[in-house]
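K.L.:
this one's sequence-less:
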């Protein structure tokens, strides 16, 4: 195994009713609160009222910034950061799914500076401080509630990239599975695809870590056992609970310890698709992973077969890929680009953007020939 350090400072409050401690927790950090959320679903489902009641009970001063998009963009981050500089918050409270939480992380490190948040994303600047962040999760998918990473897209540069820094860890994250009851079947399924892809990125990363491999199998087994059941009973608290916990564990470091890195090539592929067509993130991953595996089966057949043996009880790369596709289909996620409404006439555009963005993995490097083959697989299988 590679050497590693475990340092995850996020305090997670998990379970039904944990929001009763939200106000007092925020108040211990500061009085002025910048509330960040999406396009209004939390107002319709009552979560906004619950959060504001907590703030009012503590006499906290709240400024709101709403409108964060499902595929978050740097423009929203910069506007929120500018508003934050004027308001001078003591704490940021992000209420939403991964897009809101990711945006809030970059807002937190951008408020103390005078430049665009994209300088962090592009590696041209490093954060020096951050406004403390508290999160309330409303969608089980990205694991952003317990890690230091964020993803943003920039339509001017036509890039969607990730960035991470220790200052971006949330101080506290509140995870009440009942807050996800209003999430649609479609987006619940995308969350299950997303958490599955996260642990696969770890599994195909650099380094030998057998216990981390077993954590990967365990998380995917949770998704396979409870995911389809949840999609047939969206109001089940026990099932929402299991998937929310699995999504958090999928990207809180648990499956990465002992490795030099994950791979993240499949995420890079998915980012291009969502950048071009605003396709939901989880849907891009259920499309990209089988295609990537088909191409990489020429290079790492034993690793893919090991995955299949431990998850599905099969012995070949072909069977492993078939079983993974079957699982994605079972939760009604797309496995080809046409399934997501992206026809063959878009092939040149997809390929061109992937080549322009130099789409690649951290462990398994992709040649132009690899990318061309992966694009073909995403369209035709």
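P.N.:
Perfect, I can see it now. Fair warning: this is a prediction, and the values are worked out from it, not measured in the lab.
K.L.:
List the buried residues in stretch 204-215.
P.N.:
Counting neighbours by 16 or more other CB atoms under 10 Å, one finds that the buried residues in stretch 204-215 are 204, 205, 207, 209, 212, 213, 215. Where you see a C-beta, it was placed from the backbone N, CA and C, and this is true even at glycine.
K.L.:
And for stretch 307-319?
P.N.:
Using 16+ other CB under 10 Å as the burial criterion, the residues of stretch 307-319 that qualify are 307, 308, 310, 311, 312, 314, 317, 318, 319.
K.L.:
Mind listing residues that contact that stretch?
P.N.:
Stretch 307-319 is contacted from outside by 200, 203, 213, 217, 220-221, 224, 293, 297, 301, 304-305, 320, 323, using CB atoms under 8 Å, 6 or more residues apart in numbering.
K.L.:
and the host helix or strand of residue 108, what other elements does it pack with?
P.N.:
Secondary-structure element containing residue 108, defined by DSSP states H and E: helix 98-110. In terms of contacts (3 or more CB pairs under 8 Å, 6 or more residues apart in numbering; DSSP states H and E), helix 98-110 is packed against strand 32-36, helix 74-87, strand 91-96, helix 118-121, strand 133-137, strand 149-154.
K.L.:
Could you take those and lay them out as a markdown table, with extra columns for distance to residue 365 and mean neighbour count?
P.N.:
Shown next, in a markdown table, are the helices and strands packed on helix 98-110 (distance: least, CB to CB, whole Å; neighbours: other CB atoms under 10 Å):
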| stretch | distance to residue 365 | mean neighbour count |
| --- | --- | --- |
| strand 32-36 | 37 | 24 |
| helix 74-87 | 27 | 19 |
| strand 91-96 | 35 | 27 |
| helix 118-121 | 22 | 21 |
| strand 133-137 | 34 | 27 |
| strand 149-154 | 21 | 22 |
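K.L.:
Reformat those as a markdown table; add mean pLDDT and distance to residue 258.
P.N.:
Formatted as a markdown table, the entries for those read as follows, by pLDDT from 0 to 100; distance: least, CB to CB, whole Å:
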| stretch | mean pLDDT | distance to residue 258 |
| --- | --- | --- |
| strand 32-36 | 98 | 35 |
| helix 74-87 | 98 | 33 |
| strand 91-96 | 98 | 31 |
| helix 118-121 | 98 | 28 |
| strand 133-137 | 98 | 27 |
| strand 149-154 | 98 | 19 |
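K.L.:
Would you mind giving these as TSV with distance to residue 228 added?
P.N.:
As requested, the helices and strands packed on helix 98-110 are exported to TSV (distance: least, CB to CB, whole Å):
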stretch	distance to residue 228
strand 32-36	33
helix 74-87	34
strand 91-96	25
helix 118-121	36
strand 133-137	22
strand 149-154	27
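K.L.:
do you know which of these lies nearest residue 178?
P.N.:
Evaluated over these, closeness to residue 178 peaks at strand 133-137, with 11.5 Å, by CB to CB.
K.L.:
Just checking: what are the partner strands of that closest one?
P.N.:
strand 91-96 (parallel), strand 172-175 (parallel) (DSSP bridges).
K.L.:
Which stretches in the stretch 151-300 of the chain count as strands?
P.N.:
For the stretch 151-300 of the chain, applying DSSP state E, counting those that start in this stretch gives strands covering 159-164, 172-175.
K.L.:
Looking at those strands, spot the one closest to residue 144.
P.N.:
Distances from residue 144 to each of the strands of the stretch 151-300 of the chain were compared using CB to CB; the minimum, 8.9 Å, belongs to strand 172-175.
K.L.:
What lies in contact with the closest one?
P.N.:
Contacts for strand 172-175 (CB under 8 Å, 6+ apart): 10-15, 18-19, 21-22, 25, 134-137, 145-146, 244, 248.
K.L.:
Please apply the same query to stretch 324-331.
P.N.:
Residues outside stretch 324-331 that contact it (CB under 8 Å, 6+ apart) are 189, 192-193, 196, 224, 227-228, 231, 286, 289-290, 293, 334-335.
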